[in-house]
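**Student:** Here is my input; please provide its structure:
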Amino acid sequence: MKHATLLIAAVLMLQTALPAAAQPHPRLRLEMCGNQRNTPTKTCLVDGDTLWLSGEKIRLEGFDTPEPQTHICGGDREKALARQASARMLELLNSNEWTIERGGLDATEEKRRLATIRIGGRDVGDILIEERLAVAWPDGEEWWCN
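**Tutor:** Below is the predicted model:
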């Protein structure tokens, strides 16, 4: 009995000492942010690679999707693809259980939280890249600009 108690105590100590690498996210219904104002509870999708969760702006790492507002290089084609990427991201997050792994902050003025979202252990960015709705970042070529 003494050994079992020590084992349980050791496991509990390890669980509190180690950082949580991947945190399951409770099921919620995400929508596009649109013109929502920033609040401590803001939770919505900005575009295919950026979202707000409980007031925290998060930039997903490892991939880039076309820009829906600025259409940096591809004009109407880029905006249409951006809408597709955002719709697919909404579908993935709203119809699956997922985990989020938070990292540091990005180098932008906004200081967005960098993170990876996984569905069944798979990075959502890899799914969008495979479906030609995103490119690897920072080394992927923004083919929608051509």
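**Student:** Quick one: residues contacting the residue most central in space within the chain.
**Tutor:** By Cα atoms, centre = their mean, the chain has its centre lying nearest to residue 60, at 4.1 Å. Residue 60 sits next to 49-51, 114-117, 124-125 when contact means Cβ atoms under 8 Å, 6 or more residues apart in numbering. C-betas here are computed from N, CA, C, even on glycine.
**Student:** change it to 6 Å
**Tutor:** The contact partners of residue 60, taken as Cβ atoms under 6 Å, 6 or more residues apart in numbering, are residue 49.
**Student:** quick one: it and residue 76, what's the gap?
**Tutor:** Relative to residue 76, residue 60 is positioned 25 Å away (Cβ to Cβ, to the nearest Å).
**Student:** before we move on, the earlier item: state the distance from the residue nearest to the centre of the chain to residue 49.
**Tutor:** From residue 60 to residue 49 the distance is 5 Å (Cβ to Cβ).
**Student:** what does residue 143 give?
**Tutor:** 16 Å.
**Student:** Check residue 142 too.
**Tutor:** 12 Å.
**Student:** When these two are compared, which one has more neighbours?
**Tutor:** Between residue 142 and residue 49, residue 49 has the larger neighbour count (other Cβ atoms under 10 Å), namely 25 against 17.
**Student:** So what's the predicted local confidence for the residue nearest to the centre of the chain?
**Tutor:** Looking at residue 60, its pLDDT reads 97.
**Student:** again, but for the one 10 residues further on
**Tutor:** The pLDDT attached to residue 70 in the predicted structure is 66.
**Student:** do residue 15 as well
**Tutor:** 36.
**Student:** Likewise for residue 141?
**Tutor:** 81.
**Student:** ok, how many other residues are close to it?
**Tutor:** 9.
**Student:** ok, for it, nearest residue in space, not its chain neighbours?
**Tutor:** residue 135 (6.4 Å; Cβ to Cβ, 6 or more residues apart in numbering).
**Student:** Against residue 105, how distant is the one you found?
**Tutor:** 23 Å.
**Student:** More neighbours: the two, which one.
**Tutor:** Comparing residue 135 with residue 105 by other Cβ under 10 Å, the one with more neighbours is residue 135, at 19 against 12.
**Student:** Look up the residues forming beta bridges with that one.
**Tutor:** For residue 135, the beta-bridge partners are residue 64 (DSSP bridges).
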